[in-house]
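1. Got a sequence here, can you build the structure:
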Amino acid sequence: MTKEEHIKHWQESAKESWDSAVYLSTGKHYSLSLFALHLALEKLFKALWIKESVTDTPPYTHDLQKLSEELSLDISPEDYDFLSVINSWNIRGRYPDYTKRLYQNTTDSYLKEQIKKVQILKKWLEEKISKQK
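-> Numbering: from 1, shown residues only. The predicted structure follows:
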């Protein structure tokens, strides 16, 4: 695969995760929706990582803060801190006991607010990926 094909693969996979997050939110599957939001951003970070790198294999990490640190991004301190919150959705989404607690503590309004905030980061990353070097 070419570099462009690798980037496109991660972008398409990110779109699938985003669509899943939105779909899951309509069925009130809050923890899974949050987990899918994390996946969508992780995949966009990896697409951008490939774009900026000489290799087509992004780091084997799910840590959005770590991925952001490896990129030439001018990320605000607030957004960087928010990545930590999003990281927690990844961990909690993988373990039933965390998922149950997350589900109990997540409301429809909280999820909608998080989707809006993630959508801003998503759009920002997509713009970074689409810009010419």
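2. What sits closest to Leu39 if chain neighbours are left out?
-> Of all residues not flanking Leu39 in the chain, Ser17 sits nearest, at 4.0 Å (C-beta to C-beta, 6 or more residues apart in numbering). From N, CA and C alone the C-beta is placed, and that goes for glycine too.
3. Spit out the contact partners of that neighbour.
-> When contacts are counted by C-beta atoms under 8 Å, 6 or more residues apart in numbering, Ser17 touches Ala36, Leu37, Leu39, Ala40, Lys43.
4. before we move on, which element is it in?
-> Element membership for Ser17, per DSSP states H and E: helix 3-26.
5. what mean pLDDT does that helix have?
-> Averaging pLDDT along helix 3-26 gives 97.
6. Repeat that for stretch 123-133.
-> Mean pLDDT, stretch 123-133: 88.
7. same check, this time on stretch 42-52
-> When pLDDT is averaged over stretch 42-52, the result is 96.
8. what residues are up against the spatially most central residue of the chain?
-> Among the residues of the chain, Leu41 comes closest to the average C-alpha position under C-alpha atoms, centre = their mean, at 1.8 Å. Applying C-beta under 8 Å, 6+ apart, we find Leu41 in contact with Ala14, Leu64, Leu83, Ile86, Val118, Leu121, Lys122, Leu125.
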